[in-house]
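[1] Show me the folded form of this:
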Amino acid sequence: MTQQMHDEVVIRVDNLGKCYRIYDNPKDRLKQALWRDRRSYYREFWALRDVSFELRRGEALGIIGRNGSGKSTLLQMICGTLTPTEGSVKTRGRIAALLELGSGFNPEFTGMENVFLNASLLGLTEAQINERLDDILAFADIGEFVHQPVKTYSSGMVLRLAFSVIAQVDPDLLVVDEALSVGDAFFTQKCMRFIHRFRERGCLLFVSHDTSGVTSICDRAILIAQGKVQRIGSAKIVTQEYIKDLYASIDANTITRTETLQKETRPNTADGKENWLDYRKERINHSNLANFLEITQFEDALLLSESFGSGHATIKSVSLREASTNHSLLVALGGENVILKIEGKAHRDLQSPIIGFLLKNDKGLVLLGDNTLNSFTSAKIKSVNANQHYWAEFEFTLPFLPPGSYSITASLAEGSLIVHSQLHWLNDALILQSDCNCIAAGLAGVAMHRISPIQTQ
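    Residues are numbered from 1 along each chain as shown. You can find the predicted model right below:
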């Protein structure tokens, strides 16, 4: 790439801003139309303001920030799908954007029809599209589904087709907004290889919460918070600032969440504390809030929407309890001993009943689980009579969980580990929302029995 090409400015953004009018009442819109600018019946909300930067050919710029910070608003104004309230955007050359998944696709059209539609909107002639059609279809690799309506596609298939089109239109600027997160591992790797090759001739705007991806792909990055640029500089420094701010906000949010404890009023504890609330507060303060988990309790409404099974037994309650007091928890800490209690009711006589659970992350990956047929179980129920309530308790050390949402799935079954039937399977019986300021990373952390102090010799 020549120096002249590298110096060519593809995007120039000057003092860009977007303001929305917020009306408290639908009637206020009519009043505003009648009075025009003589009176104001709205409040201003600036989704983005005072944003300025340049992007030159051959560069890759990462845009990072928390949800609602204004990242997507910025990209839409750059791509021309949103009109700025103030400031200006100047671009040179063809822009190919992958914003909201499936944007620009007509769900009633087939994949093939959408290929021609999108490619023509990006500036290709019919002859050029026909010339590149084989490459587009090969990149997408969705087979005969290309002749089916897009409304029948999975999100992964939509991504494949959309990215395949923009990969073949020779854009000067490629804009990617989080869309690659829905693709399978093989296609995501194919897209990343294309992006690395594309950087040799064009420039890239890349929005992602994956700081390692931003660091590996981008030269520079912009950190946006509450609609304003907080920092712009090298990708490494900006992503470090983002992580620092993220953990600072987690710490502050964790402290405010202790107010949830006000809901947990329980009787006196056996260790002489005035009440169970004081005991929990002391435990949380003592932990320095290393891993704070807010628990959404079991609801009967889940039985209709998130469950399946033969119906010969029904889950009646699922609760996470403190091991030392057996009190139900609304908040918990990673590293403490807890009891998961699952109670069911038999609707007919059951032979060899089984009760089990799984703890999953928000991707559905199982982190841990067990059942009453575990070989370490000392006593097993041989049978349960019809209309009889039965339950099991699982006592374990709650792992340290990285920030995010987790769910506990509960199950009633009958039979053996090899051959059994599901009586009632209940997804998301409990939701655990984790705020973590732990240094350790991974899918889950184990509680250390002992960590020695740092020693010198």
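
[2] What is the three-state secondary structure of residue 10?
    Look at residue 10: counting by DSSP: H, G, I helix; E, B strand; the rest coil, its state is strand.

[3] That one and residue 55 touch, don't they?
    Yes - contact criterion C-beta atoms under 8 Å: residue 10 and residue 55 qualify, at 5.6 Å. Every residue, glycine included, has its C-beta placed from N, CA and C.

[4] What strands line up against the longest strand along the chain, and which way round?
    When the chain is parsed with DSSP state E, its longest strand is strand 420-436. Paired with strand 420-436 in the same sheet, following DSSP bridges, are strand 291-296 (antiparallel), strand 307-308 (antiparallel), strand 404-415 (antiparallel).

[5] Let me have those strands in JSON lines, extended by mean pLDDT.
    Shown next, in JSON lines, are the strands paired with strand 420-436 (pLDDT from 0 to 100):
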{"stretch": "strand 291-296", "mean pLDDT": "77"}
{"stretch": "strand 307-308", "mean pLDDT": "74"}
{"stretch": "strand 404-415", "mean pLDDT": "86"}
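
[6] Where does pLDDT dip in the stretch 151-300 of the chain?
    Within the stretch 151-300 of the chain, the ranges that satisfy pLDDT under 70 run 178-186, 189, 212, 244, 246-291, 299-300.

[7] Could you tell me what pLDDT the model assigned to residue 110?
    With respect to pLDDT, residue 110 scores 91.

[8] dump the residue contacts of it.
    146, 147, 148, 149, 150 (C-beta atoms under 8 Å, 6 or more residues apart in numbering).

[9] Look up how far residue 82 lies from it.
    29 Å (C-beta to C-beta, to the nearest Å).

[10] Of the strands paired with strand 420-436, which is nearest residue 195?
    Proximity to residue 195 (C-beta to C-beta) singles out strand 404-415 among those, at 26.3 Å.

[11] Now the closest one: buried residues?
    Of the residues in strand 404-415, those with enough neighbours to count as buried (16 or more other C-beta atoms under 10 Å) are 406, 407, 408, 409, 410, 411, 412, 413, 414, 415.

[12] Repeat that for stretch 33-41.
    Buried, per 16+ other C-beta under 10 Å, within stretch 33-41: residue 41.

[13] what's next to it, contact-wise?
    Stretch 33-41 is contacted by residues 23, 28, 29, 31, 32 when judged by C-beta under 8 Å, 6+ apart.

[14] quick one, strands of the stretch 251-400 of the chain?
    291-296, 307-308, 313-322, 331-333, 337-346, 350-351, 353-361, 366-371, 383-384, 389-397 (DSSP state E, counting those that start in this stretch).

[15] still on that earlier bit, can I get the strands paired with strand 420-436 in JSON lines with distance to residue 325?
    Below are these laid out as JSON lines (distance: least, C-beta to C-beta, whole Å):
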{"stretch": "strand 291-296", "distance to residue 325": "15"}
{"stretch": "strand 307-308", "distance to residue 325": "30"}
{"stretch": "strand 404-415", "distance to residue 325": "20"}
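
[16] Please name whichever of those strands is nearest to residue 76.
    strand 404-415 (27.3 Å).

[17] How far off centre is that closest one?
    21 Å (C-alpha atoms, centre = their mean, to the nearest Å).

[18] Ok, stretch 23-35 next?
    For stretch 23-35, the distance to the chain centre is 36 Å (C-alpha atoms, centre = their mean).

[19] Ok, stretch 330-338 next?
    Counting by C-alpha atoms, centre = their mean, stretch 330-338 comes out at 23 Å from the chain centroid.

[20] Walk me through the domains of this structure.
    3-248, 271-436 (automatic domain parsing).

[21] Can I get these in JSON lines including distance to residue 445?
    Formatted as JSON lines, the domains of the chain follow (distance: least, C-beta to C-beta, whole Å):
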{"stretch": "domain 3-248", "distance to residue 445": "16"}
{"stretch": "domain 271-436", "distance to residue 445": "3"}
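
[22] residues contacting residue 17?
    Residue 17 touches 46, 48, 49, 50, 51, 84, 85, 86, 87, counting by C-beta under 8 Å, 6+ apart.

[23] One more: residue 82?
    Residue 82 makes contact with 18, 73, 76, according to C-beta under 8 Å, 6+ apart.

[24] what separates the closest residue to the last one other than its chain neighbours from residue 204, distance-wise?
    Yep, that's residue 76 we're talking about. Spatially, and ignoring its direct neighbours in sequence, residue 76 is nearest to residue 82 (3.8 Å; C-beta to C-beta, 6 or more residues apart in numbering). According to C-beta to C-beta, residue 82 and residue 204 sit 20 Å apart.

[25] Where does pLDDT dip in the stretch 1-150 of the chain?
    For the stretch 1-150 of the chain, the ranges with pLDDT under 70 are 1-7, 100-103.

[26] 80 instead?
    Scanning the stretch 1-150 of the chain for pLDDT under 80 picks out 1-7, 24, 27-29, 31-42, 98-104.

[27] do you know how far residue 20 is from residue 70?
    From residue 20 to residue 70 the distance is 11 Å (C-beta to C-beta).

[28] Quick check: neighbours shared by these two?
    Joint contacts of residue 20 and residue 70 (C-beta under 8 Å, 6+ apart) are residue 47.

[29] ok, these two, which is more surrounded?
    For residue 20 and residue 70, the more surrounded residue by other C-beta atoms under 10 Å is residue 70, and the numbers stand at 22 against 12.

[30] separation between residue 20 and residue 92?
    If you go by C-beta to C-beta, the gap between residue 20 and residue 92 works out to 29 Å.

[31] ugh, wrong one, I meant residue 238
    Residue 238 is 25 Å from residue 92, by C-beta to C-beta.

[32] and if you look at residue 111?
    From residue 111 to residue 92 the distance is 31 Å (C-beta to C-beta).

[33] Residue 71: neighbouring residues, count only.
    Around residue 71 there are 23 other residues, counting by other C-beta under 10 Å.

[34] Pretty sure it sits against residue 209.
    No - Residue 71 is beyond contact range of residue 209, at 9.7 Å (criterion: C-beta under 8 Å).

[35] Spit out the residues that contact these two alike.
    residue 64.

[36] Residue 384 is in contact with residue 345, isn't it?
    No - using C-beta under 8 Å, residue 384 is not in contact with residue 345, being 9.2 Å away.

[37] what's the offset of stretch 340-350 from the middle of its chain?
    Computed by C-alpha atoms, centre = their mean, the chain-centroid distance of stretch 340-350 equals 34 Å.

[38] Give me the contacts around that stretch.
    For stretch 340-350, using C-beta under 8 Å, 6+ apart, the contacting residues are 311-321, 353, 355, 357, 383-396, 408, 410, 412, 414, 423-424, 429.
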